[in-house]
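Asker: Predicted coordinates and the sequence they were generated for:
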Amino acid sequence: FFASRRPDAYADEKVRLGERVGYQITSAIVNARVFADLRRAERTAQGGEKRLKELYDNAVQEIAHRKRAEAALKESEVRFRSLFDEAPIGYHEIDTQGKITRVNRTELAMLGYTSEEMLDRPVWQFIFPPDESRRAVLDKLAGKTGVGTPFERNYRLKDGTEIPVLISEQILRERDGEIS
């Protein structure tokens, strides 16, 4: 599983907001650079039209580079989402309290739930025995126990039956070591 300090760290609206803010910041930086270059050219009046043409060409290249970088980032996000959602095995992410923040389609189909039924609920509500699972998840998130080799637990399907599932965990951390 993946863990996040923020329950909505990967929510679509947050990603879109981040993209818009990033685009606006990038645009503002490019505009500021172009404006500063143009002001410098006006003040010094050296090179006249040739210098202005160079500045214009540089601005066009910088804008084109930014647009290519934005397109590459969007393509990468689409690929990641597709890999996550269409993976042949079930995946979910949880926050630092153990609540599910993201679940892929494979796991939803395997367990028979909708994303609305699983999201924002503690992961141990879907695992048997829930008390043992709760303790294990919270201990791992608190750093009391390590993330090790895969292990088996019984997951409870929506119809109440249980199935054995092999679990492999991964805790994502920021550069400072905090759970991301």
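Answerer: Good, I have the coordinates.
Asker: which stretches of this protein aren't confidently modelled?
Answerer: Low-confidence segments of the chain, defined by pLDDT under 70: 1-18, 42-48.
Asker: ok, now with 50
Answerer: Along the chain, segments meeting pLDDT under 50 span 1-3.
Asker: Look through it and tell me its longest helix.
Answerer: The residue-count maximum for a helix in the chain (DSSP state H) belongs to helix 48-85.
Asker: buried sites along it?
Answerer: Arg51, Leu55, Ala59, Phe84 (16 or more other C-beta atoms under 10 Å). For glycine as for every other residue, the C-beta is placed from the backbone atoms N, C-alpha and C.
Asker: Please report how far the last one lies from Asn104.
Answerer: The one in question is Phe84. Distance of Phe84 to Asn104, computed by C-beta to C-beta, to the nearest Å: 5 Å.
Asker: anything in contact with each of those two?
Answerer: Listed contacts common to Phe84 and Asn104 are Tyr91; contacts here mean C-beta atoms under 8 Å, 6 or more residues apart in numbering.
Asker: about what we covered before: what packs against the longest helix of the chain?
Answerer: When contacts are defined as 3 or more C-beta pairs under 8 Å, 6 or more residues apart in numbering; DSSP states H and E, helix 48-85 sits against helix 12-44.
Asker: run the last query once more with 10 Å
Answerer: Here helix 48-85 touches helix 12-44, strand 100-103, helix 105-111, going by 3 or more C-beta pairs under 10 Å, 6 or more residues apart in numbering; DSSP states H and E.
Asker: and these as TSV, adding distance to Asp131 and mean neighbour count?
Answerer: Below are the helices and strands packed on helix 48-85 laid out as TSV (distance: least, C-beta to C-beta, whole Å; neighbours: other C-beta atoms under 10 Å):
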stretch	distance to Asp131	mean neighbour count
helix 12-44	33	12
strand 100-103	18	22
helix 105-111	20	16
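Asker: Out of those, which is closest to Ser168?
Answerer: Ser168 lies closest to helix 105-111 among the helices and strands packed on helix 48-85, at 13.2 Å (C-beta to C-beta).
Asker: Kindly format the C-alpha coordinates of the closest one as CSV.
Answerer: In CSV, the C-alpha atoms belonging to helix 105-111 read as follows (Å, rounded to 0.1, in the frame of the first residue of the first chain):
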residue,chain,number,x,y,z
ARG,A,105,-10.3,-0.8,-10.6
THR,A,106,-8.8,-4.2,-10.3
GLU,A,107,-9.2,-4.2,-6.5
LEU,A,108,-12.7,-2.8,-6.7
ALA,A,109,-13.7,-5.6,-9.1
MET,A,110,-12.0,-8.3,-7.0
LEU,A,111,-13.8,-7.2,-3.8
